[in-house]
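Engineer: Have a look at this prediction, sequence included:
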Amino acid sequence: MASTIRVRATSSGETTEVQALIQHPMDSGFVKNAKGETIPPHFIQQLTFEHDGKNVFTADWGGGISKDPYVKFTFKGGKKGDELKIGWVDNKGATDTTTAKIQ
Amino acid sequence: MSDVEFSATRRLILQGAGAVALIGLGNLPFLTSALAAANDKYPEEAFKQKSDADVIKTLYGKTAEPSDKVKMDAPEIAENGAVVPISVSTTLTDVTSVAFLVSENPNVLIAKYNIPAGTLPNVANRIKMAKTSNVTVLVEAGGKLYSASKEVKVTVGGCGG
């Protein structure tokens, strides 16, 4: 199965800008379906980014993050061709990881 | 069974147990090790709080001071509450985390981002808003807590059914 994580990491020489887009329902647990039944909570809780064996960013998320979440951040360092490891875990214990090359 | 045999068996069992434990550690997937390395436990309780004050207390245990060095970029009016783009940047130094709060959402805390040394304190994300609400961004820098707030009007809520 294709990864749920799409990442674009671009190095400007001094810094690397990272944009990530993840496929996930991000159900908050407060929304009802057409039959009036509450859709149970199902959302990513933690998302981590690692470069060169070092954590560069961690997101702690609740159900208030939009469906198919997007996040952007920038870190110092990172060269073209370097690898970035990305992983998430949701409230049901499901996980996904991917590796992206810095462009 | 003699005492000698017994202790030898016991030692074997202990060695076996040790080996299993080591193999177990070696097999930890990247994610678990990454989360452990981030030294960052998911703040479960903070995400359940129903007011700005309770989130700040649970998450940081100190009060936030409004600062014009915290810049929040949010729309005046969000036509779709399900997807509201919000970002933060700051000229404060030694930033260790930023957090986004929506006062009128059923759970006020939306996200907390941990910023290790070497990562810039600029974060953009997309959040859900149930209705028109004050949006607050918290920036933890040098052990102190700073904030900026703005009202975002929502014409179609993103949390109702």
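Structural biologist: Great, that's in hand. Numbers count the residues shown, from 1 in each chain, chains lettered A, B, ... in the order given.
Engineer: for the most centrally placed residue in chain B, what are its contacts?
Structural biologist: Among the residues of chain B, the one closest to the centroid is residue B:112, at 3.2 Å (Cα atoms, centre = their mean). Residues near residue B:112 by Cβ atoms under 8 Å, 6 or more residues apart in numbering or on different chains: A:59-60, B:43, B:46, B:59, B:97-100. For glycine as for every other residue, the C-beta is placed from the backbone atoms N, C-alpha and C.
Engineer: can you check residue B:96 too?
Structural biologist: Here residue B:96 is in contact with B:114-115, B:140-141 (criterion: Cβ under 8 Å, 6+ apart).
Engineer: hmm, back to that, tell me how far the residue nearest to the centre of chain B lies from residue A:96.
Structural biologist: Applying Cβ to Cβ, to the nearest Å, the value for residue B:112 to residue A:96 is 21 Å.
Engineer: go on, residue B:65?
Structural biologist: 38 Å.
Engineer: and the two? which has more neighbours close in?
Structural biologist: In terms of neighbours (other Cβ atoms under 10 Å in any protein chain shown), residue A:96 is the more surrounded of residue B:65 and residue A:96; the figures are 19 against 10.
Engineer: Report how many residues lie close to the closest residue to that one other than its chain neighbours.
Structural biologist: Spatial nearest neighbour of residue A:96, chain neighbours left out: residue A:4 (4.8 Å); criterion: Cβ to Cβ, 6 or more residues apart in numbering or on different chains. Neighbour count for residue A:4, taken as other Cβ under 10 Å: 17.
Engineer: mind checking how far residue B:113 is from residue B:119?
Structural biologist: Separation of residue B:113 from residue B:119 (Cβ to Cβ): 9 Å.
Engineer: list residues touching both of these two?
Structural biologist: Between them, residue B:113 and residue B:119 share the contacting residues A:57, A:73, judged by Cβ under 8 Å, 6+ apart.
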